[in-house]
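# Build me a model:
(chains A and B)
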Number of protein chains: 2
Amino acid sequence: MYESYVIHGCLREYYIDEKGQEHILQFAVEDWWIGDMHSFLTESPSVYNIDALEDTELLQIDKSSLETLYKHVPQFERFFRLKIQNAYIQLQKRVISSMSKPAEERYIEFIEKYPHLEQRLPQHQVASFLGITPEFLSRIRKNLSANRK
Amino acid sequence: MYESYVIHGCLREYYIDEKGQEHILQFAVEDWWIGDMHSFLTESPSVYNIDALEDTELLQIDKSSLETLYKHVPQFERFFRLKIQNAYIQLQKRVISSMSKPAEERYIEFIEKYPHLEQRLPQHQVASFLGITPEFLSRIRKNLSANRK
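Numbering: from 1, shown residues only, chains lettered A, B, ... in the order given. Have a look, this model is predicted:
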């Protein structure tokens, strides 16, 4: 079990439900971290999957190495606390958006927040992250581009 | 801006959307923490609201006191890192459930995970947490109790 730091490339972490459908939890590109925190902390198998969407280079750290790092360089405790707090804040925003905003607004939020991501990702991956079908995303994109003209 | 620790009572943190509808981000009962991390970290106004659903007693800490605590007792850095990691893991599960599971299953998950909470909360608050209408929750509860007979 590792936490992974992306040197370059692009990955996704996703869940496959009972019907075999994929639901994307997060993407990760350069300078992002990716991993399953529960699995990492408890050293138990993950219920999520991670795969690379591009050629990817990672740095990985296992739990005992990270614990050693915390012990010898307590600033890392702070570093990771702040990282996780930020990730938590973003995830809260996603929960609230998914409850309170229509898909079109959530798509606009996504491309405004991660413009570099939207250009790199296949559309069906973006749709899966937003919890909508690729067909619906395609309709949203058409509407937006028609409105822009 | 404070992070709050619940001695006793029950609170909810929620978002009011443009249409005036409430969406519950989290509840907090005894021994839980509640606050808006973004607002706390950036010392900026919160977009969320917190109110008490019962008579409630809290311990509150502001940012500069918490920073002093981190400085003098580095173990608190670890304590809060672990707290937040756990909160993050739970929030990820909620995101995945909301994308992959029907409301009935999410309701069952909620009562299995927080049996003490479900009994204390008005049903419309539970519905708001699950992102469904109180009428729909009432129908789910009727179905479940019919199936149990």
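# wait, A:Ala127 sits on A:Ile140?
No: A:Ala127 sits out of contact with A:Ile140 when judged by CB atoms under 8 Å, with a separation of 9.3 Å. From N, CA and C alone the C-beta is placed, and that goes for glycine too.
# contacting residues around the lowest-mean-pLDDT helix or strand in chain A?
Lowest mean confidence among the helices and strands of chain A (mean pLDDT, DSSP states H and E): helix A:115-120, at a mean of 90. Applying CB atoms under 8 Å, 6 or more residues apart in numbering or on different chains, the external contacts of helix A:115-120 come out as A:10, A:27, A:29, A:53-54, A:110-111, A:126.
# pull the CA atoms of it into CSV?
Provided in CSV are the C-alpha atoms of helix A:115-120 (Å, rounded to 0.1, in the frame of the first residue of the first chain):
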residue,chain,number,x,y,z
PRO,A,115,-8.9,23.9,-17.1
HIS,A,116,-5.7,21.9,-17.7
LEU,A,117,-7.5,18.7,-16.7
GLU,A,118,-10.5,19.0,-18.9
GLN,A,119,-8.3,19.3,-22.0
ARG,A,120,-6.3,16.1,-21.1
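# now the lengthiest helix in chain A: mean pLDDT?
Longest helix in chain A, counting residues (DSSP state H): helix A:75-100. For helix A:75-100, the mean per-residue pLDDT is 93.
# That helix to helix B:75-100, inter-axis angle?
Angle between the axes of helix A:75-100 and helix B:75-100 is 30 degrees (criterion: axes from the mean of the first three to the mean of the last three CA atoms, to 10 degrees).
# For A:Ser4, list the residues it contacts.
A:11, A:28, A:33-35, A:50, A:58-60.
# from those residues, which two are the most distant?
A:Ile50 and A:Leu59 (14.6 Å; CB to CB).
# what's around the nearest residue to A:His124 once chain neighbours are set aside, how many residues?
Counting by CB to CB, 6 or more residues apart in numbering or on different chains, A:Pro134 is the residue found nearest to A:His124 once chain neighbours are left out, at 4.3 Å. Residues contacting A:Pro134 under the criterion other CB atoms under 10 Å in any protein chain shown number 14.
# so A:Pro134 touches A:Ala127, yeah?
Yes: the pair A:Pro134 and A:Ala127 passes the contact test of CB under 8 Å, sitting 4.5 Å apart.
# Helix or strand next in line after the helix or strand harbouring A:Ala127, which one?
Element membership for A:Ala127, per DSSP states H and E: helix A:123-130. Sequence order places helix A:134-148 as the next helix or strand after helix A:123-130, per DSSP H and E.
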